[in-house]
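Asker: Would you be able to build a 3D model of this:
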Amino acid sequence: MNLIIDIGNTRVKLALYEGEKQLAFAHNSNLSIAFLSDFINSHTVAKKPLSTVISSVAAEPAAIIDWLTSYGRVVQLKPDTPVPLSISYQTPESLGTDRLAGSVAAWNKYAPANILVIQTGSCLTYEFITKQGEFIGGAISPGMEMRFKALHTFTGRLPLITHQEIGLLTGRTTEESILSGVINGMSAEIDETINRYKDKYTDLKVVLTGGDLIYFDKRLKNSIFAHPNLVLDGLNLILRFNESIP
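Answerer: Presented below is the predicted three-dimensional model:
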């Protein structure tokens with residue numbers, strides 16, 4: 001059984017996999033041994049062998065790594081960790097592990113094809129994989145919450161807005177105007193980026209994932225495949241790939 005730990009900018013996600021099937025999921029604001037222990041013991045027999053992969057935006061606490069090692073192998077996803085893709089990114093040391101993991105999962109599901117992975121999280125990211133299985137790179141722009149915070153922080157009177165679904169183009173209040181500007185603006189950005197990739201690459205498959213997926217999967221004009229668990233699936237695949245290496 002595999003334990004997946006994804007430490008992001010705003011929350012920690014845990015998942016258990018048997019093969020490629022996700023069996024359990026949990027999230028928390030931070031990572032602790034107590035949180036891990038409760039999750040593992042709730043879904044497995046205590047001290048049952050586990051292989052673990054950790055993807056983190058920051059350094060992982062040594063005490064937690066040591067504790068996990070008592071269950072089995074621990075893979076900390078780093079720039080030099082082997083993955084089942086060819087990486088042509090020129091600065092792999094700064095490549096976000098979530099971008100890489102999402103690309104691995106999309107390639108596993110849709111290969112061989114030109115694939116554009118779009119992640120709607122803290123940042124709005126685009127990852128492009130060629131039909132030969134080569135990760136080229138993509139683009140990064142502010143995510144929804146970041147845009148809301150920027151409008152509030154860098155102006156004198158605009159309020160801080162939280163995520164809300166809208167069905168309008170013209171805002172009739174300041175709050176509605178911000179929601180329309182951010183959500184419709186991001187939708188237009190995503191659609192235009194997809195269109196530009198379609199102009200350049202044939203047989204393009206577009207995969208959408210991330211915490212803000214629900215705001216865009218039905219709003220986009222382009223056809224996409226929606227996968228909420230893409231990054232977790234990719235981390236599991238990377239762990240399995242490393243376990244297969246002698």
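
Asker: Show residues contacting the lengthiest helix in the chain.
Answerer: Across the chain, the longest stretch assigned as helix under DSSP state H is helix 185-200. Here helix 185-200 makes contact (CB atoms under 8 Å, 6 or more residues apart in numbering) with 114, 116, 118, 120, 124, 126, 128, 139, 141, 144, 147, 204, 206, 215-216, 219-222, 224. C-betas here are computed from N, CA, C, even on glycine.

Asker: first to last residue in stretch 54-68, what's the distance?
Answerer: 10 Å (CA to CA, to the nearest Å).

Asker: Just the buried residues from the contacts of helix 185-200, in ChimeraX please.
Answerer: In ChimeraX, this line selects whichever of the contacts of helix 185-200 come out buried by 16 or more other CB atoms under 10 Å:
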select :114,116,118,120,124,126,128,144,147,204,206,215,216,219,220,222,224
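
Asker: where's Leu3, which helix or strand?
Answerer: strand 2-7 (DSSP states H and E).

Asker: Next SSE downstream of that strand?
Answerer: Next along from strand 2-7, by DSSP H and E: strand 12-18.

Asker: Measure how that following strand sits relative to strand 2-7, angle-wise.
Answerer: Interaxial angle, strand 12-18 versus strand 2-7 (axes from the mean of the first three to the mean of the last three CA atoms, to 10 degrees): 160 degrees.

Asker: ok, strand 12-18: who's next to it in the sheet?
Answerer: strand 2-7 (antiparallel), strand 21-28 (antiparallel) (DSSP bridges).

Asker: highest average neighbour count across those?
Answerer: Per residue and on average, the most neighbours among these fall to strand 2-7, with a mean of 24 (mean count of other CB atoms under 10 Å).

Asker: What are the contacting residues of it?
Answerer: 12-18, 31, 36, 40, 50-58, 60, 68, 71, 98, 101, 231-232, 235-236, 239-240.

Asker: hmm, 6 Å instead?
Answerer: For strand 2-7, contacts defined as CB atoms under 6 Å, 6 or more residues apart in numbering pick out 13-15, 17, 31, 50-56, 232, 235-236, 239.

Asker: Among those residues, name the ones in helices.
Answerer: Going by DSSP H, the helices hold Leu232, Leu235, Asn236, Leu239 from these.
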